[in-house]
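**Q** no sequence for this one, just the structure:
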């Protein structure tokens, strides 16, 4: 796992098997799918995890609104159809990253069980690991945290279709991990994830 | 460049800067955009390059018809609009990989200058490296190589809109590299690319 050099690669004309890239990186590629209410702490947790992983010598990357909505999905709006397509594309890109051996995190509300199950299935079809992480916090707590005051506007009816206020959030039924950001400090939340990755042998516990 | 450990990472709540991932990997992220006629040797070259890079200890990944057309772009057809969107999405995904520090190759005919310029611009906007590689071979040579006999069908009029026969291929005006697969053996073509990457300091010439 921690041996980085891939010396036994067969030279043939096709994809390099995922296992060789994983050997090179000393980690196993996977998708960590963060889901939760607006301001529940998805991005904060995802970025702190990314930092911790890179600090430990593992390659990690975060897909979030910033690099997806303004890029790949810039031609999608907020209709039901577009929201579904938004999640599908993110799932497909995450799949490619996981196949490349990267530990990729996605930070999107992704409120519907059916959409999250769809991206899980996309991964399973290719024998790629998919971890659903429910970032849990009560609506009131999220609303209090909300730096942009969007909950306030949604409660006042100024924003329509806001998840957790007048649009549904379907909680995961059996996520791989529940991270309660109301009960744990940020650093503890990240540690829970690191522990999970070590326990399931995605990364090695000893810093390289 | 070859020092893999990133020990001086700042702990803050945002993306890990690209430079830290590149430090970790000992390489610079970039997109190598292969373009050329059907059966010109794009995929063969891209996959052999991937093998050579991974063998040398560098992380590389290929985006091609197999992992894109059946996945991310499975909902696109072959209309002019869909072809353009196909290239745009591939460009956006390549951008994400390059930002993650990966040396990503794309293997698509991408016959139009305007489309290739669009993806180049997408990269330049984010200060990401983009190398256009023209995989060059005469139509007759490509047609002779063609394992699926598609050229034959296109010449016979059984397939319509086939690039190089009854649909245009716009040659790159000033690509970073021209690889003439009619004049060089496969291994020589890959070496030209490796030399380019070393010369421009994307990778280190000494195998890790």
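**A** Ah, there it is. It should be emphasised that the depicted structure is a prediction, and the values quoted were computed from it without experimental measurement.

**Q** Let me know the pLDDT of the nearest residue to residue A:100 once chain neighbours are set aside.
**A** Nearest residue to residue A:100 in three dimensions, chain neighbours excluded: residue B:61, at 4.2 Å (C-beta to C-beta, 6 or more residues apart in numbering or on different chains). In this view, the C-beta of every residue, glycine as well, is placed from N, C-alpha and C. On the pLDDT scale, residue B:61 is placed at 97.

**Q** Would you confirm that residue B:61 belongs to a strand?
**A** Yes - read with DSSP: H, G, I helix; E, B strand; the rest coil, residue B:61 is one of the residues of a strand.

**Q** remind me which residues of chain A are low pLDDT?
**A** Scanning chain A with the threshold set as pLDDT under 70 gives A:1-14, A:207-208.

**Q** quick one, strands of it?
**A** Using DSSP state E, the strands of chain A run over A:30-35, A:60-64, A:103-107, A:129-136, A:177-180.

**Q** thinking again about what came up before, count of residues packed around the residue nearest to residue A:100?
**A** Residues contacting residue B:61 under the criterion other C-beta atoms under 10 Å in any protein chain shown number 26.

**Q** need the contact list for it.
**A** Contact analysis of residue B:61 by C-beta atoms under 8 Å, 6 or more residues apart in numbering or on different chains lists A:21, A:96, A:99, A:100, B:50, B:97, B:102, B:103, B:104, B:105.

**Q** Let's have those residues in JSON lines, adding distance to residue A:33 and neighbour count.
**A** Shown next, in JSON lines, are the contacts of residue B:61 (distance: C-beta to C-beta, whole Å; neighbours: other C-beta atoms under 10 Å in any protein chain shown):
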{"residue": "A:21", "distance to residue A:33": "21", "neighbour count": "25"}
{"residue": "A:96", "distance to residue A:33": "15", "neighbour count": "24"}
{"residue": "A:99", "distance to residue A:33": "15", "neighbour count": "21"}
{"residue": "A:100", "distance to residue A:33": "17", "neighbour count": "26"}
{"residue": "B:50", "distance to residue A:33": "27", "neighbour count": "25"}
{"residue": "B:97", "distance to residue A:33": "19", "neighbour count": "27"}
{"residue": "B:102", "distance to residue A:33": "20", "neighbour count": "28"}
{"residue": "B:103", "distance to residue A:33": "26", "neighbour count": "27"}
{"residue": "B:104", "distance to residue A:33": "22", "neighbour count": "28"}
{"residue": "B:105", "distance to residue A:33": "27", "neighbour count": "28"}
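
**Q** Could you dump the residues you listed into a markdown table with distance to residue A:73 added?
**A** Formatted as a markdown table, these follow (distance: C-beta to C-beta, whole Å):
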| residue | distance to residue A:73 |
| --- | --- |
| A:21 | 26 |
| A:96 | 15 |
| A:99 | 20 |
| A:100 | 20 |
| B:50 | 27 |
| B:97 | 16 |
| B:102 | 20 |
| B:103 | 25 |
| B:104 | 19 |
| B:105 | 23 |
